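# mind looking at a prediction? Sequence and model below.
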Amino acid sequence: MTAPVAERPYVTANIAQNSQILADDAFLNQLMSATENVRRLETRLSGTHGQLRDLIRSLGLETGFYLVLVELGNISARILVHNGIITAAEAAVEGQRLSGPNAVKLLDDEASGEAVIAIARLRPYLYQWSPKMTVYVKGIDLQHRQLVRAVNNLYLSLLSGKPRSVLQGILDFLAEYTVFHFRSEERFFEKHGYPRAEQHRLEHRKFVERIEDFRMKYRTGEARLNIDMLMFLADWIRGHIMKSDKDYGEWLKRQGVVKTV
């Protein structure tokens, strides 16, 4: 007799930890600003076990990242879904907030009535590399791409409900790679006599101190990854490249050291 095939889980094992991000209104606003499209539907929930699982399946969310907003009588809920699996959930009912497994249980077993549901497909990145970000030095451009990719990986790992160990690993890589990248830039400054090298080094040191402080606090549990830190990383890297790094790129071009690529 053939053994039954195990049912694919529809809730990530890390949902309790990961659902904290949905309590952050700034994070929710950032997610809403990162939507590729939004659709709305009305349906009825019967209050029977498994209805949330069936709803997620019926919505066609098997590929990609989605934010699902549910309004049902006195219940409002926020759900993150990655490739058909719920990675975070939060619900508010009669002034009480339920998070993670408790929110899922409410929506999966108890909620009933006419529901209005909004489904937003999320972009799989915070920032994308753009040719406008070039500093005309191929090796440095490649390192910048890697930094942008690392921040996007951190963002996607958070949305997909990866365990803290994975997030810690990405943070460690980002911190260590940033130090390597800054050393590469500073050696380049020394080689070519860039006149604003000291100001640039100061910006590097401040960033390294900030990310190192956060990395250590995250490791000990004193801090958690939220949209503020993600946007700090993304905005600083993008802003630094587009301002300070573009400055030395343009200076190098004027000196004839590099040519426009």
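Yep, that arrived.
# which stretches of the stretch 1-150 of the chain form helices?
Secondary structure of the stretch 1-150 of the chain (DSSP state H, counting those that start in this stretch): helices located at 15-18, 25-33, 51-58, 101-105, 138-159.
# now mean pLDDT too, for the ones you listed, in CSV please.
Output for the helices of the stretch 1-150 of the chain, formatted as CSV (pLDDT from 0 to 100):
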stretch, mean pLDDT
helix 15-18, 90
helix 25-33, 78
helix 51-58, 91
helix 101-105, 94
helix 138-159, 92
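# can I get those in JSON lines with mean neighbour count?
To be clear about C-beta, it is placed using only N, CA and C from the backbone, and glycine gets the same treatment. Shown next, in JSON lines, are the helices of the stretch 1-150 of the chain (neighbours: other Cβ atoms under 10 Å):
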{"stretch": "helix 15-18", "mean neighbour count": "19"}
{"stretch": "helix 25-33", "mean neighbour count": "14"}
{"stretch": "helix 51-58", "mean neighbour count": "18"}
{"stretch": "helix 101-105", "mean neighbour count": "19"}
{"stretch": "helix 138-159", "mean neighbour count": "18"}
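# want to try TSV for those helices, with distance to residue 251 as columns?
Shown next, in TSV, are those (distance: least, Cβ to Cβ, whole Å):
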stretch	distance to residue 251
helix 15-18	44
helix 25-33	34
helix 51-58	53
helix 101-105	53
helix 138-159	13
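# nearest to residue 207, of those helices?
helix 138-159 (10.7 Å; Cβ to Cβ).
# and that closest one with helix 25-33, angle?
110 degrees (axes from the mean of the first three to the mean of the last three Cα atoms, to 10 degrees).
# for helix 138-159, name the packing helices and strands.
helix 164-192, helix 227-240 (3 or more Cβ pairs under 8 Å, 6 or more residues apart in numbering; DSSP states H and E).
# what are the buried residues along the shortest one?
So that's helix 227-240. Using 16 or more other Cβ atoms under 10 Å as the burial criterion, the residues of helix 227-240 that qualify are 227, 229-234, 236-238, 240.
# next one: the first one
Of the residues in helix 164-192, those scored as buried under the neighbour-count criterion (16+ other Cβ under 10 Å) are 164, 166-167, 170-171, 174-175, 178, 181-182, 185-186, 188-189.
# next structured bit after it?
Following helix 164-192 in sequence order, the next helix or strand is helix 197-220 (DSSP states H and E).
# give me the neighbour count for residue 43.
Here the number of neighbours of residue 43 (other Cβ atoms under 10 Å) works out to 14.
# what sits closest to residue 200 if chain neighbours are left out?
residue 244 (5.7 Å; Cβ to Cβ, 6 or more residues apart in numbering).
# hmm, that neighbour is touching residue 202, no?
No. Here residue 244 does not reach residue 202: they are 10.2 Å apart, not a contact under Cβ atoms under 8 Å.
# can you tell me the closest non-neighbouring residue to residue 257?
residue 192 (5.6 Å).
# quick one, domains of this structure?
With domains defined by automatic domain parsing, the chain comprises 15-122, 131-254.
# out of those, which is closest to residue 9?
Nearest to residue 9, of the domains of the chain and by Cβ to Cβ, is domain 15-122 at 6.7 Å.
# ok, residues contacting stretch 238-249?
Residues from elsewhere that reach stretch 238-249, judged by Cβ atoms under 8 Å, 6 or more residues apart in numbering: 127, 132-137, 140, 144, 148, 185, 188-189, 194, 196, 199-200, 203, 207, 258.
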